[in-house]
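>>> Pasting a predicted model and its sequence here:
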Amino acid sequence: MTELNMPRIYIQPIVPSLVRKAILSKLEKILTKDSCAEQKMWMGVIGYVIKDLGDYSSLIRRSANNYLDLNNRDFQTTCAFAGLVPEYVIRVINACKRSKQAARLQREDDTRIERYRANRKKSNRKHHKSLMSAKKAECSVESSKIAE
C-alpha cells in the first residue's frame, strides 16, 4: 500500500485573551483624541482580526494569520487608513506573542480549553443518558397501554 503525501497543515495556536488585549492597547496608544472616526473604525477592523487570533476555530485563526501578512494588500490598506505602519503592527503582534507571559497564558488557555471540552463531553453523555431513560420510560408506558 502506498502512502499518500498529504501536506501538513500548520494549525495556528490560540492567542490568549490577555495577549490580544496587550496588542490592542499598544496599537491604540498611537490613536490620539484628534484621530478621526474613520481611523478609529479601521483600528476596529484590525482589532477584530486580532480577536480572531484567539478564536477556537482553526479556520478562523488561519484566516486571521493570513490577513496579517505584509504582502496582503488589504492589510496594508487597512493599516494606512488606521494611520498605522503595517511592519509596526506585525512587530507588536509578534513581540506580544513571544513574551514569557504569553507562553504562560498559552498553557493556561490550553488547560482551560481541555477542561471545557471534557466538561462538554460529560454534559453530552449526561444529556444522552437522560434522553435514553426518557425514551425507555415512554416505551414502557406505551407497552403497558397496549397490554391493557
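Noted; the coordinates are in hand.

>>> Relative to Asp34, how far out is the nearest residue to Val85 once chain neighbours are set aside?
The shortest distance from Val85 to any non-neighbouring residue, by CB to CB, 6 or more residues apart in numbering, is to Cys79 (6.6 Å). C-beta: built from backbone N, CA, C; applies to glycine. Distance from Cys79 to Asp34, counting by CB to CB, to the nearest Å: 19 Å.

>>> Likewise for Arg62?
Between Arg62 and Asp34 the distance is 37 Å, computed by CB to CB.

>>> Show me which of the two is the more surrounded one.
For the pair Arg62 and Asp34, the greater number of neighbours falls to Arg62 (16 against 6), based on other CB atoms under 10 Å.

>>> next SSE after the helix or strand hosting that one?
Assigned by DSSP states H and E, Arg62 belongs to helix 58-67. Note on helix 58-67: by DSSP H and E, the next helix or strand toward the C-terminus is helix 73-82.

>>> So for that next one, what gets flagged as buried?
Neighbour-count burial for helix 73-82, with 16 or more other CB atoms under 10 Å as criterion, is recorded at Phe75, Thr78, Cys79, Ala82.

>>> outside of it, which residues touch it?
For helix 73-82, contacts defined as CB atoms under 8 Å, 6 or more residues apart in numbering pick out 38-39, 42-43, 45-46, 67-70, 85-86, 89.

>>> Ala64: neighbour count?
Ala64 has 19 nearby residues by other CB under 10 Å.

>>> My guess is it contacts Ser58. True?
No - counting by CB atoms under 8 Å, Ala64 sits too far from Ser58 to count as a contact (10.6 Å).

>>> That's all I had, so thanks and see you.
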